[in-house]
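>>> Give me a 3D structure for the following:
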Amino acid sequence: MVWRKLRQRLVSRSVLLALGVSAGPVLAITFEAPMELSRWQVDASAFACKLYQPLNRYGEAVFMRRAGEPQRFYLREQNRQFAEGEAQLLVQAPRWQGSGARRPLGTVPVVSGEEPIRMDWQASQRLIGELQNGQQLLFSHRAWYEEATPVKVVLEPIRFRLAFSEFQQCLGGLLPVNYDQIHRSSVVFTGGAPEFDPDQQPLLDNLIQYVLADQYVTTVVIDGHTDGQGLRADNLELSKQRAEFVADYLTTRGVPQELLQVRWHGERYPVASNRSAEGRAENRRVTLRIDRFEPKSQTLEARGDDSAQDSDAPEQATTQS
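Model (predicted):
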């Protein structure tokens, strides 16, 4: 037991030294940006909108919304600080207004991983409201390396309103779907018809918007299929007509012909049993697969990481005794 406590203290001291803070008597380690350098930034594209405050020695605080998904908030750690459990979330007046009473907003779960604190759309909107009102946000929890050491992360409201306005403009330009939602899609057909019903158009229209916006799309693979009824030769021809009908729908709305790879298979690859009407309905389909290649450095999330790591603003970790 004595050896375990000694080892824990040594680990704690090593972590503090790595952060560049004192390893003497410490009641709390606080991560906050100097007031003159605190800022919120925005990464904007049709695929995602990211509003964030970098904290070099900690990581970053992020409001994120991907196309087709609800907004969320998270803290991203470059080096692990928080232990798992429940963190306290508090609101307080900013430093230039002097010390004031802290107002609790409740607790938030802390999990393992590089995003230890995650909050959904409703909770993130509450954080935005406090920052717009000029309030500091404070996340407080114990350190993973020493239970008696509190760790605090402070988010400043400086320049938040200006950045949030830019963030809102980005939200208005988001695509209706993201790659994960659209890269494998299926259009269904009725009976022996070579054309899809009008209710399938919204899916294809979303796919078209995505393909035209994403410069890294390399191929759209279109595969035509039928159910098992009828002659195989007839089904092969019908699957060809269906695949070509979908391809024509895409090209007439701006998708370059050279991106398309059109194939047809007849009844060869069922996804359900042809013995039931429900199964045959699933098999009468054209599938679309979007292939893309994007260098890691070009992704929105990667740009966010780079901005946090390469920023020359010396946000600090401080100790409070």
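>>> measure residue 107 to residue 140 for me?
Distance of residue 107 to residue 140, given as CB to CB, to the nearest Å: 10 Å. Heads up, the C-betas are built off the backbone N, CA and C, glycines and all.
>>> Those two - which one has more neighbours?
When residue 107 and residue 140 are compared for neighbours, residue 140 comes out ahead with 18 against 13, by other CB atoms under 10 Å.
>>> what about the helix or strand that contains the more buried one, distance to the chain center?
Using DSSP states H and E, residue 140 falls within strand 136-142. Per CA atoms, centre = their mean, to the nearest Å, the displacement of strand 136-142 from the mean C-alpha position of its chain is 23 Å.
>>> and if you look at stretch 238-250?
34 Å.
>>> What count of nearby residues applies to residue 286?
Residue 286: 26 neighbours (other CB under 10 Å).
>>> Could you spell out the sheet neighbours of the helix or strand harbouring it, each with its direction?
According to DSSP H and E, residue 286 maps onto strand 285-292. Using DSSP bridges, strand 285-292 pairs in its sheet with strand 184-188 (antiparallel), strand 217-224 (antiparallel).
>>> just the CA coordinates of it, formatted as PDB?
Coordinates of each C-alpha in strand 285-292 appear next as PDB, following Å, rounded to 0.1, in the frame of the first residue of the first chain:
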ATOM      1  CA  ARG A 285     -33.100  -2.300 -56.300                       C
ATOM      2  CA  VAL A 286     -30.200  -0.200 -57.600                       C
ATOM      3  CA  THR A 287     -27.400   0.300 -55.100                       C
ATOM      4  CA  LEU A 288     -25.000   3.300 -55.200                       C
ATOM      5  CA  ARG A 289     -21.600   3.400 -53.500                       C
ATOM      6  CA  ILE A 290     -19.500   6.600 -53.300                       C
ATOM      7  CA  ASP A 291     -15.800   6.000 -53.300                       C
ATOM      8  CA  ARG A 292     -13.500   8.900 -52.300                       C
END
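>>> how about the strands paired with strand 285-292, which one is nearest residue 81?
Residue 81 lies closest to strand 184-188 among the strands paired with strand 285-292, at 38.2 Å (CB to CB).
>>> Pull out the buried residues from that closest one.
185, 187 (16 or more other CB atoms under 10 Å).
>>> and whatever helix or strand comes next after that strand, which residues are buried?
Downstream of strand 184-188, the next assigned helix or strand under DSSP H and E is helix 201-213. For helix 201-213, burial by neighbour count (16+ other CB under 10 Å) applies to 203, 204, 206, 207, 208, 209, 210, 211, 212.
>>> which one of those sits closest to residue 173?
residue 209 (11.5 Å).
>>> residues touching that closest one, list them.
175, 176, 177 (CB atoms under 8 Å, 6 or more residues apart in numbering).
>>> Show the pLDDT at the residue nearest to the last one when sequence neighbours are not counted.
Counting by CB to CB, 6 or more residues apart in numbering, residue 177 lies nearest to residue 68, which is 4.1 Å off, once chain neighbours are set aside. Predicted confidence (pLDDT) for residue 68: 97.
>>> does residue 269 count as helix, strand or coil?
Three-state assignment for residue 269 (DSSP: H, G, I helix; E, B strand; the rest coil): coil.
>>> before we move on, what about residue 87?
Secondary structure state of residue 87, per three-state DSSP, is strand.
>>> That one touches residue 107, doesn't it?
Yes - the criterion here is CB atoms under 8 Å, and residue 87 meets it with residue 107 at 6.5 Å.
>>> hang on, residue 124 packs against residue 75?
No - judged on CB under 8 Å, residue 124 makes no contact with residue 75 at a distance of 11.8 Å.
>>> More neighbours: which of those two?
residue 75 (25 against 21).
>>> Mind listing the strands the helix or strand where that one lies pairs with, and their directions?
Assigned by DSSP H and E, residue 75 belongs to strand 72-77. Using DSSP bridges, strand 72-77 pairs in its sheet with strand 59-66 (antiparallel), strand 117-119 (antiparallel).
>>> So for that strand, mean pLDDT?
Mean predicted confidence for strand 72-77 is 97.
>>> Checking residue 34 next. Helix, strand or coil?
Per three-state DSSP, residue 34 ends up coil.
>>> how close does it get to residue 160?
In terms of CB to CB, residue 34 sits 16 Å off from residue 160.
>>> Same drill for the two, tell me which one is more crowded.
Higher neighbour count among residue 34 and residue 160: residue 160, with 23 against 13, using other CB under 10 Å.
>>> And the residue nearest the centre of the protein?
For the chain, residue 66 is the residue whose C-alpha lies nearest the centre (CA atoms, centre = their mean; 5.6 Å).
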